[in-house]
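K.L.:
would you be able to build a 3D model of this:
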Amino acid sequence: MTPHRFAVVIAGGGTGGISIAARLATQLPAGSVALIEPSDKHYYQPLWTLVGGGVFRKEITERAEADYIPAGVTWIREAVAAFEPDHKAVVTSGGQRIEYEQLVVALGIELNWAAIEGLPGALGKDGICSNYLYETVDSTWQNLQTIEEGNAIFTFPSTPVKCAGAPQKIMYLADEHLRKRGVRKRVPVTFASAGKAIFGVEHYAKTLRGILAKKEIETLFRHDLIAVRPKSREAVFRNLDDGSEKILRYGMIHVVPPQRAPGVIRSSALADASGWVEVDKFTLQHPRFPDVWSLGDCSSLPTSRTGAAIRKQAPVLVENLLAHRAGQPATARYDGYASCPLVTGYGKLVLAEFDYNGTPVESFPFDQSQERYSMWALKAYVLPELYWNGMLRGRA
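P.N.:
Model prediction:
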């Protein structure tokens, strides 16, 4: 291959991109795969809930990106500036034009903080916190340690989000910590969600409804956060059913930002009507550009955006991509599997696993809809090791 042409170009060096690169590195000649990624740090974001809850320091979730670039893969340390699928090329932020035979798009998701009026510049201060950024995750724990009175509000936006369980996990930890501090009676807890229910799979939702009742957490469904007013500590929500607005005062508010596909995807020919990379939900192949593939948060796959989903998507994508390169049909199938380890308190977790149909597909020989310490230990100690030493090495 020439310096600017590769057999496979991978756009994005997060969970999906590195997982694909590691698998392809063992199947294709050295130097034939390129990974485009500007970041020099890689984060294990699923632990940020436990960082926000005071269990771990955030530093343990950060490692050097260079340590996970597979041997034989060319790392192009720039951002993607444009896709040219008609010409089978990617343009980088540094002006390079990288040609490919096959392209894998794994650029993740964009956090659209600016969609909430008053939020830019206020995040991490005056009771406004979020576990969705490495820079602000500490502010969640600081608020839980210092709040004495006033509503503790936890939000969920009207857009798809990465790790759809995360907005409520931190709420359960917050409730427990506030009780431990003896201030819970002065700090009402509210889950203000744009969704219709606490969870989309009834097998797990029934357990979560019981937990909400036991913890005396108020739910406000179909309410989307549209503005914060830091000076008066007010949050403005829009009722998605009738368009009316509701203002709630807060002592602290954990904000989950609206999320969308990165702009470079939304403005490209790869996007579907909603801006995501359009792919067949079973094969992960683009229907209009057969040499393009995608997985994870930036794709149109109609399932939860979780690392566990990527773990099942990656081997399917690689098998089908290699078959396509060999002139064979793409026969591997992804069934929509996703997993959401729902932290329900310190040392307690409900492990939700399900497919496209919302059917539970559980890994263990017991009812995973029940709270268990063993599943907490799995999330806190086992899954991070599986991620760093398994998924990112192409072995799990």
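K.L.:
list the contacts of the residue nearest the centre of the chain.
P.N.:
Among the residues of the chain, the one closest to the centroid is residue 162, at 2.5 Å (C-alpha atoms, centre = their mean). Residues near residue 162 by C-beta atoms under 8 Å, 6 or more residues apart in numbering: 45, 108-109, 259, 297, 305-306. C-beta here means a position set from N, CA and C on the backbone, and glycine is covered the same way.
K.L.:
who wins for neighbours among these?
P.N.:
Within those, neighbour counts (other C-beta atoms under 10 Å) peak at residue 297, which reaches 29 neighbours.
K.L.:
quick one: that residue is in a helix?
P.N.:
Yes. Counting by DSSP: H, G, I helix; E, B strand; the rest coil, residue 297 is found in a helix.
K.L.:
and it, how far from residue 310?
P.N.:
8 Å (C-beta to C-beta, to the nearest Å).
K.L.:
what does residue 128 give?
P.N.:
The separation that residue 128 has from residue 310, given C-beta to C-beta, amounts to 30 Å.
K.L.:
how about residue 339?
P.N.:
10 Å.
K.L.:
neighbour count for these two, which is higher?
P.N.:
residue 310 (25 against 22).
K.L.:
the more buried one touches residue 295, doesn't it?
P.N.:
Yes. Counting by C-beta atoms under 8 Å, residue 295 is a contact partner of residue 310 at 6.0 Å.
K.L.:
list residues touching both of the two?
P.N.:
Common neighbours of residue 310 and residue 295 (C-beta under 8 Å, 6+ apart) are residue 16.
K.L.:
now the lengthiest helix in the chain: average pLDDT?
P.N.:
What stands out as the longest helix in the chain, according to DSSP state H, is helix 307-325. The pLDDT scores in helix 307-325 average 98.
K.L.:
contacts for that helix next, please.
P.N.:
Contacts of helix 307-325 (C-beta under 8 Å, 6+ apart): 7-8, 15-16, 19-20, 23-24, 27, 45-46, 101-102, 104, 283-285, 290-291, 293, 295-296, 301, 303, 329-335, 337-340, 353, 387, 391, 396.
K.L.:
same check, this time on stretch 131-138
P.N.:
Here stretch 131-138 makes contact (C-beta under 8 Å, 6+ apart) with 43, 48-49, 51-52, 58, 61-62, 111, 123-124, 129-130, 140, 166, 170, 254-257.
K.L.:
go again using 10 Å as the cut-off
P.N.:
41, 43, 45, 47-54, 57-59, 61-62, 111, 113, 123-125, 128-130, 139-141, 161-163, 166-167, 169-170, 254-257, 259 (C-beta atoms under 10 Å, 6 or more residues apart in numbering).
K.L.:
pull out the buried residues from those.
P.N.:
43, 45, 47-54, 58, 61, 111, 113, 123-124, 128-130, 139-141, 161-163, 166-167, 169-170, 254-257, 259 (16 or more other C-beta atoms under 10 Å).
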